[in-house]
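Enquirer: what follows is a predicted protein model with its sequence.
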Amino acid sequence: MGNPSPPQPRSPQRRQSHNRKVPHNAVQSLISTLFHPLDPPKHPPRKPSTMTLPTTTRQWVLTNKPTDLVSLSGPSPTFTQSTASIPSLKPNQVFLKTLYFSNDPAQRGWISKYVKADRMYVPPVSEGEVMRARAISEVLESTAEGFKKGMLVSANAGWKEYMVTDAKECSPVADNLGVKPTQFLGALGFTGLTALYGIRDIVRAGPGDTVVVSGAAGATGSMVVQIAKNMLGCKRVIGIAGSDDKCRWVESLGADICVNYKKPEFKKELIKATEGYVEVYFDNVGGEILDLMLTRMARHGRVAACGAVSNYNTSQPTGLRNWGEIIVMRIEIRGFIIFDFAPKFAEATRELIAAYKEGKIRIGDESETIVETSFEDIPRTWMKLFEGSNTGKLVTKLKYGESSSL
Ligand SMILES: NC(=O)c1ccc[n+]([C@@H]2O[C@H](COP(=O)([O-])OP(=O)(O)OC[C@H]3O[C@@H](n4cnc5c(N)ncnc54)[C@H](OP(=O)(O)O)[C@@H]3O)[C@@H](O)[C@H]2O)c1
């Protein structure tokens, strides 16, 4: 099964101790949201898998921390496939089969050669460890109360097919809302929460504001656009995205206009779209677009520094030439990490669900790009994030061989 090449991953105990540093109250808060049905179940219970439990799993291990673009081949590949044995179940544990992976630009930060552990919000992934990733998995076996066979949970699975983990590390996925489970990796998961927290709490956008959102067709950006326009009632919402098709989709979500940053006339078009300047900028990309946006902010404008994806795959990030604008225009820039919002996760998830039910935010097939992927291609699918292949949330649907009962 798979490529048995070394190096071996660290012991499961070691990996779990790393995982413990991720704020658990955050995850627990989300668990309580998803676990308590808001409505009577609409779907029949999922038919549990009848497969015999495997004793080994394939996994992708971080072998060489990248400085620039991730390398998938050659003498120093970033990741290497290996096989590990699966421990037997102890009390209060679950045996999981991964169905879907969340793909997040943040994963690139966790493996960066240059990142220092004391400057991170979660521990970096070390060389020799399984690549960390959030997933939706099926419970194949359980010794934990409340976790039945066939149930779907969200967990930090890492790039593996199977795993045994403590049930308290897993969030049961609600099956009574009429949305696909994968939406709990995107619009109703950390991505949607990031959008809500960033635009409402960090930059306090409201009816008097014109808002610009970069990465507007991505998982976070597409939620920011909808929340700003349809939940917060912002005066005008302007998107920035990487193709004309993406821009038209962003406009269909409620943006007044969306500008394609890959077109030569982008700068001219952005200046025209932001005539009179803007109060709020939600920055998902950093780099040149952030630099340009500093020149488009109104006096006392507010910038939410959510991400800087344009600089994640380079050892020479773009510097800011327009720093002086921050001083002269008294611009407020606030960085944030979604885990800071942990105490409000449950409440915020309910708000997003209510907004969905009221038709204020659209959550459906169009809000995710699901890529069916063989185990060998997991890293390749993740890298699509940096090629702009996704509209909405990029989700990996893991393909299994014919022996799988799924
Ligand atoms: N602070 C937090 O707690 C937090 C939480 C979640 C996410 N984030 C950040 O939010 C941002 C969006 O994350 P996401 O999960 O929603 O991913 P996403 O936007 O769904 O996917 C990444 C998108 O980034 C765009 N992109 C890629 N390379 C780019 C480049 N060089 N310049 C400009 N745009 C580029 C692509 O869209 P185009 O086709 O439009 O280029 C791509 O689809 C990331 O920066 C991420 O790190 C922060």
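Expert: Here it is on my side, so go on. Numbering: from 1, shown residues only.

Enquirer: once you drop chain neighbours, what's closest to Trp158?
Expert: Actually, residue 158 is Gly rather than Trp. Sequence neighbours aside, Val130 is the residue nearest to Gly158 in space, at 4.0 Å (criterion: Cβ to Cβ, 6 or more residues apart in numbering). Heads up, the C-betas are built off the backbone N, CA and C, glycines and all.

Enquirer: how about the residues of the protein near the ligand?
Expert: Residues of the chain lying near the ligand by Cβ under 6 Å from any ligand atom: 104-106, 191, 194, 215, 217-221, 241-243, 246, 284-285, 306-310, 336-338, 385-386, 388, 390, 394.

Enquirer: strands of the stretch 201-350 of the chain, start to end?
Expert: Along the stretch 201-350 of the chain, counting by DSSP state E, counting those that start in this stretch, strands occupy 210-213, 236-241, 257-260, 278-283, 297-305, 332-335.

Enquirer: ok, now the stretch 1-150 of the chain?
Expert: So, for the stretch 1-150 of the chain - with DSSP E, counting those that start in this stretch - the strands run 56-62, 79-85, 93-102, 134-142.

Enquirer: mean pLDDT and mean neighbour count added to those strands, as a markdown table?
Expert: Output for the strands of the stretch 1-150 of the chain, formatted as a markdown table (pLDDT from 0 to 100; neighbours: other Cβ atoms under 10 Å):
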| stretch | mean pLDDT | mean neighbour count |
| --- | --- | --- |
| strand 56-62 | 98 | 22 |
| strand 79-85 | 98 | 17 |
| strand 93-102 | 98 | 25 |
| strand 134-142 | 98 | 23 |
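
Enquirer: one step back: can you select the buried ones among the residues of the chain next to the ligand for me in ChimeraX?
Expert: The buried residues among the residues of the chain next to the ligand can be selected in ChimeraX (16 or more other Cβ atoms under 10 Å) with this line:
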select :104,105,106,191,194,215,217,218,219,220,221,241,242,246,284,285,306,307,308,309,310,336,338,385,388,390,394
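
Enquirer: mind listing the residues bridging to Thr165?
Expert: When bridges are called by DSSP bridges, Thr165 pairs up with Val94.

Enquirer: return the residues in contact with it.
Expert: For Thr165, the contacting residues are Gln16, Gln93, Val94, Leu96, Ala155, Ala157, by Cβ atoms under 8 Å, 6 or more residues apart in numbering.

Enquirer: quick one: pLDDT of it?
Expert: At Thr165, the model reports a pLDDT of 98.

Enquirer: could you measure from it over to Phe147?
Expert: Computed as Cβ to Cβ, to the nearest Å, the Thr165 to Phe147 distance reads 11 Å.

Enquirer: need the residues touching each of the two.
Expert: Val94.

Enquirer: and the strands of the stretch 1-150 of the chain: which comes nearest Leu292?
Expert: Among the strands of the stretch 1-150 of the chain, the nearest to Leu292 by Cβ to Cβ is strand 93-102 (30.1 Å).

Enquirer: how far does that closest one sit from its chain's centre?
Expert: Computed by Cα atoms, centre = their mean, to the nearest Å, the chain-centroid distance of strand 93-102 equals 17 Å.

Enquirer: OK, contacts around the most centrally placed residue in the chain?
Expert: Residue closest to the average C-alpha location in the chain (Cα atoms, centre = their mean): Asp104, at 4.2 Å. The contact partners of Asp104, taken as Cβ under 8 Å, 6+ apart, are Ala133, Arg134, Leu385.

Enquirer: closest one of these to Glu347?
Expert: Arg134 (21.0 Å).

Enquirer: what sits opposite the closest one in the beta ladder?
Expert: With DSSP bridges as the criterion, Arg134 is bridged to Asn156.

Enquirer: quick check: it touching Phe101?
Expert: Yes. If you go by Cβ atoms under 8 Å, Arg134 and Phe101 touch, sitting 7.4 Å apart.

Enquirer: what is in contact with those two at once?
Expert: Here Arg134 and Phe101 share the contacting residues Ala157, scored by Cβ under 8 Å, 6+ apart.

Enquirer: next one: phi and psi at Asp209?
Expert: Backbone torsions for Asp209, taken as degrees, to the nearest 10, come to phi -100, psi 140.

Enquirer: got a list of what it touches?
Expert: So Asp209 contacts Cys234, Lys235, Val278, Glu279, Val280 (Cβ under 8 Å, 6+ apart).

Enquirer: quick one: low-confidence ranges for the stretch 301-406 of the chain?
Expert: Along the stretch 301-406 of the chain, segments meeting pLDDT under 70 span 402-406.

Enquirer: which part of it gets nearest to the ligand, residue-wise?
Expert: Here the stretch 301-406 of the chain gets closest to the ligand at one residue, Gly307, 1.9 Å apart by Cβ to the nearest ligand atom.

Enquirer: phi first, then psi, for that residue.
Expert: The phi and psi values for Gly307, taken as degrees, to the nearest 10, are phi -160, psi 170.

Enquirer: the helices in this protein, which residues?
Expert: Assigned by DSSP state H, the helices in the chain fall at 12-19, 24-35, 106-110, 190-196, 219-226, 244-252, 266-273, 287-294, 324-328, 345-357, 378-383.

Enquirer: what lies in contact with the last one?
Expert: It refers to helix 378-383. Identification of contacts with helix 378-383 by Cβ under 8 Å, 6+ apart yields 60, 70, 72, 78-79, 101, 103, 107, 131, 133, 159, 371, 373, 394, 396, 398.

Enquirer: out of the residues you listed, which is nearest to Phe345?
Expert: Of all the contacts of helix 378-383, Ala133 has the smallest distance to Phe345: 19.6 Å, by Cβ to Cβ.

Enquirer: give the closest residue to that closest one in space, chain neighbours not counted.
Expert: Phe101 (5.0 Å).

Enquirer: mind listing what the one you found touches?
Expert: Ala133, Arg134, Ala135, Ala157, Trp159, Ile378, Thr381, Trp382, Val395, Thr396, Leu398.

Enquirer: recalculate using a threshold of 7 Å.
Expert: Neighbouring residues of Phe101 by Cβ atoms under 7 Å, 6 or more residues apart in numbering: Ala133, Ala135, Ile378, Thr396, Leu398.
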